[in-house]
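Asks: Pasting a predicted model and its sequence here:
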Amino acid sequence: MQNLLHNLNEEQLAAVTLPAQSALILAGAGSGKTRVLTTRIAWLVQTGQVSPSGILAVTFTNKAAKEMLTRLSAMLPINTRGMWIGTFHGLCNRLLRTHHRDAALPQTFQILDSQDQLSAIKRLLKANNVDDEKFPPKEIMYFINGAKDQGLRADKIDPYNADERKKVELYQLYDDQCQREGVVDFAELLLRTYELLVRNQPLREHYQQRFQHILVDEFQDTNDLQYKWLKLLAGHGTQRGGVVFAVGDDDQSIYAFRGANVGNMSAFEREFNVKNLIKLEQNYRSHGHILDAANILIANNSKRLGKNLRTDAGHGEQVRVYEANSDLSEASWIIEETKNLIHDGASRSEIAVLYRSNAQSRVIEHALFSAGIPYHVYGGLRYFQRAEVKHAIAYLQLMDNPHNDSAFLRVVNFPTRGIGARSLETLQAAAEQYRISLYAAVPYVTGKAGTSLSGFVKLIEGVRFETQQMALPELVRIVLEQSTLLTHYATEKEGADRIENLEQMVSAATQFLSEEGYGQGSPAHLGAQSQAQSGDAIINQDGIEILDADAPLSTVMSPLSAFLSHASLEAGDNQAAASQEAVQMMTVHSAKGLEFNNVFITGLEEGLFPHESSSREHDGVEEERRLMYVAITRARERLYLSFAQTRMLHGQTRYNMKSRFFEELPEESLKWLTPKVQPGWFAAKKSAWDEAPLVGSDKALAQQISSKALAASTGWRLGQSVAHAKFGEGVIVNIEGSGNNARAQINFGSAGMKVLDLSIAKLEKI
DNA sequence: AGAAAAGCGATTTTT
DNA sequence: TCGCTTTTCT
């Protein structure tokens, strides 16, 4: 135990050894948050305060859950079994599989990812003749998920106008459709579990009693439903129930747009009567100037719990700031600096280029590519989201749950087998008439359409029969062959990659079996053996003895079902493959939780970062500032900030002012690599126009020439930075007219867009 | 059924 | 501008 606690600083030690009361740990960036979380668990177990099965640790990502488990098993030689460590969704999946009857779900219910959900909604709109111009599927999806994230069912929503009434109606229809098909979306996993526990007293009390310590990671990212879920499980307001140990950082709350509610932190403090608020402010990551920049920037936010990071590392280097003429020259500057870093011995994988939005990556990628510097762009399609993989998964889904109409429609005619729109219309009509799934409706279709449809059903049934005794990887192999997916892609010109991805599924299945503790040989279809291996028996409301969801997944799910949930809940690598020796490129959002020796934050311009749409959102700019805070605190040793006067965005040249964040950073921690005050146009001309290669279309060329002409006639140019007594600093975005009639449209950033008469307004070039 | 053309939308993302 | 989706054409 001494081993466990030694090396912890005072704050960390205090947090780890708190008494069994609800606690809120404000964990700053790089303050050893995961360490505290895992050591807390180990300490609780090792001091005998709780048995492993009394622990519930919840995270948002699989990566975080995996990391916790790894670190924990290094600390506790035994005993990680019985603990529940996982994502909200993973844990709910487990609970719902175990108690599927009480939750009114088939045991083989399947999980829709966002793609699937959207197509399910499109299908629903079509079936109900809803005008998808007036009710775009995306909007309906947003509406439904938003409601579920707040814990609201359709019948609990009071529509405030006719349009919303329609949306509520569609929400209900969507839920009905999912129920019919035996599928659940991500939000439903949580809501269904929540409702199950609300409704079912014995079950609720069982788990409340069981989980004596509930630990939550990234608490600032919880949405309303997740908070309610935690309250329920912790028996908030009742006698029984566990203790919640919440770890989070309000300054790193950057997911409001997907329902996260930072307010949950103060709500938790209040409602759980938190006496133990501990701040972890000792930072082990960044040098002083970087930390100063972060601290001073974030101090501009008004709604904070309050926290200031400190380091023993010394000031280190100043933050380098570069003002580029254009996005192109920003990129070439990044290349130069990157080359220097590499030349000085930096590892490429310790160089990160961050940007606010994905569209910015292209120019930088291009520049890196031309310079022959290996790079890796985060984001993009994950393995299980690729079209060909989803097709194969759909076949597997149909074998496990033939009523999944989404899966049916995805592959019934892929590869093509002569089942066209006409046949499907007939089938859909039959399914509607008897209120059954498409698969079940096949026998009701007669004629030619009926023949080809039942051919498809025979294919599925045949494979199911053939693979009855087979292990999962073999089954996958058979499906790939019998579905003719492999032969189909073999005939396509660019099918080689797809075939490779499909082949990879066999090894994915093998790997899955070993990771989840399924025997390699156990038949994929094996029905779940119903025997609890540990945990108490629970008697449900009907007086029937049921399992505790503690049993290995294999007692509750066949390998096939488990593999399918895995495919939905862990869409696969894209970030995990932090490739070996390449410069890392990603959005600021995806950089959260990562750290690098050298970090570039690019595109620091008004409208881009902070993003223009953030000014329209509640506390939008504060969230952007938190985003900037996250970005800055990714850097260990060296941080670069850059912005460009001119940027091509969505096919148009934009002239942006430098980000307001520069005014909020400490002057003494910054080192301007470019003169801070730009010389006027005539001096700037040389670098601005002559340096940038005149590539691109004639139109762009013409635009440059005409803006030169305008500059000559008015003495002003597009993109010129100006100062105005009343509006402050701005950038000329457009010039109309000439001579005494010339007027300029000027973007004054936070003061707005103005059109000023150039012969009247007193403007100063800066 | 599949290719070509036209249209549209464009922060941020995990499960 | 560009990439993805939908529509239209062969």
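Replies: Arrived safely, thanks for sending. Model, not experiment: these values are computed from the prediction.
Asks: for residue A:516, what are its contacts?
Replies: Taking C-beta atoms under 8 Å, 6 or more residues apart in numbering, we find residue A:516 in contact with A:553-554, A:562, A:566. All C-beta atoms are positioned from the backbone trio N, CA, C, and that covers glycine.
Asks: repeat that for 7 Å
Replies: Shown in contact with residue A:516 (C-beta atoms under 7 Å, 6 or more residues apart in numbering): A:553, A:562.
Asks: Residue A:626 too?
Replies: Residue A:626 sits next to A:251-254, A:301 when contact means C-beta under 7 Å, 6+ apart.
Asks: Could you do residue A:90 as well?
Replies: residue A:569.
Asks: ranges for the helices of the stretch 551-700 of chain A?
Replies: Along the stretch 551-700 of chain A, counting by DSSP state H, counting those that start in this stretch, helices occupy A:559-569, A:588-591, A:620-632, A:681-685, A:698-714.
Asks: Going by mean pLDDT, which of these comes out lowest?
Replies: Note on the helices of the stretch 551-700 of chain A: helix A:681-685 shows the lowest mean pLDDT, a mean of 37.
Asks: Help me confirm that residue A:186 comes into contact with residue A:89.
Replies: Yes - between residue A:186 and residue A:89 there is a contact under C-beta atoms under 7 Å: 6.0 Å.
Asks: who in the stretch 401-550 of chain A is up against DNA strand B?
Replies: Within the stretch 401-550 of chain A, the positions adjacent to DNA strand B are A:413, A:416, A:418-420 by C-beta under 7 Å from any atom of the strand.
Asks: Can you flag the buried ones in the residues you listed?
Replies: A:413, A:419 (16 or more other C-beta atoms under 10 Å).
Asks: Let's verify residue A:734: helix, strand, or coil?
Replies: With DSSP: H, G, I helix; E, B strand; the rest coil as the basis, residue A:734 sits in strand.
Asks: which residues sit in contact with it?
Replies: A:718, A:744-745 are the contacts of residue A:734 under C-beta under 7 Å, 6+ apart.
Asks: most neighbours, which of those?
Replies: residue A:744 (25 neighbours; other C-beta atoms under 10 Å).
Asks: related to what we said a few turns ago, closest to residue A:215 out of the contacts of residue A:734?
Replies: Nearest to residue A:215, judged by C-beta to C-beta, of the contacts of residue A:734 is residue A:745 at 54.3 Å.
Asks: Please name the nearest non-neighbouring residue to residue A:650.
Replies: Once flanking residues are discounted, residue A:650 sits nearest to residue A:359: 7.6 Å by C-beta to C-beta, 6 or more residues apart in numbering.
Asks: So which residues make contact with the helix or strand harbouring residue A:119?
Replies: Using DSSP states H and E, residue A:119 maps to helix A:114-127. Here helix A:114-127 makes contact (C-beta under 7 Å, 6+ apart) with A:112, A:132, A:135, A:137-138, A:140-141, A:170, A:173-174, A:177, A:185, A:385, A:406.
Asks: what are the phi and psi values for the residue of the stretch 401-550 of chain A found nearest DNA strand C?
Replies: Closest residue of the stretch 401-550 of chain A to DNA strand C, C-beta to the nearest atom of the strand: residue A:421 (10.5 Å). Main-chain torsions, residue A:421, degrees, to the nearest 10: phi -60, psi -40.
Asks: now do residue A:592
Replies: According to degrees, to the nearest 10, residue A:592 has phi -60, psi 130.
Asks: what's the answer for residue A:24, then?
Replies: Main-chain dihedrals, residue A:24, degrees, to the nearest 10: phi -120, psi 120.
Asks: Over to the one 3 residues further on?
Replies: Summarising the backbone geometry of residue A:27 under the convention degrees, to the nearest 10, its torsions are phi -110, psi 110.
Asks: and if you look at residue A:756?
Replies: phi -120, psi 140.
Asks: got the contact list for it?
Replies: When contacts are counted by C-beta under 7 Å, 6+ apart, residue A:756 touches A:743-744, A:746.
Asks: got CSV for those residues, with secondary structure and pLDDT too?
Replies: Below are those laid out as CSV (DSSP: H, G, I helix; E, B strand; the rest coil; pLDDT from 0 to 100):
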residue, secondary structure, pLDDT
A:743, strand, 79
A:744, strand, 83
A:746, strand, 85
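Asks: so where's chain A shaky on pLDDT?
Replies: A:1-2, A:520-521, A:526-552, A:574-579, A:676-713, A:738-739 (pLDDT under 70).
Asks: for the residues of the stretch 401-550 of chain A next to DNA strand B, which one is nearest residue A:203?
Replies: Once C-beta to C-beta is applied, the member of those that ends up nearest residue A:203 is residue A:413, at 42.8 Å.
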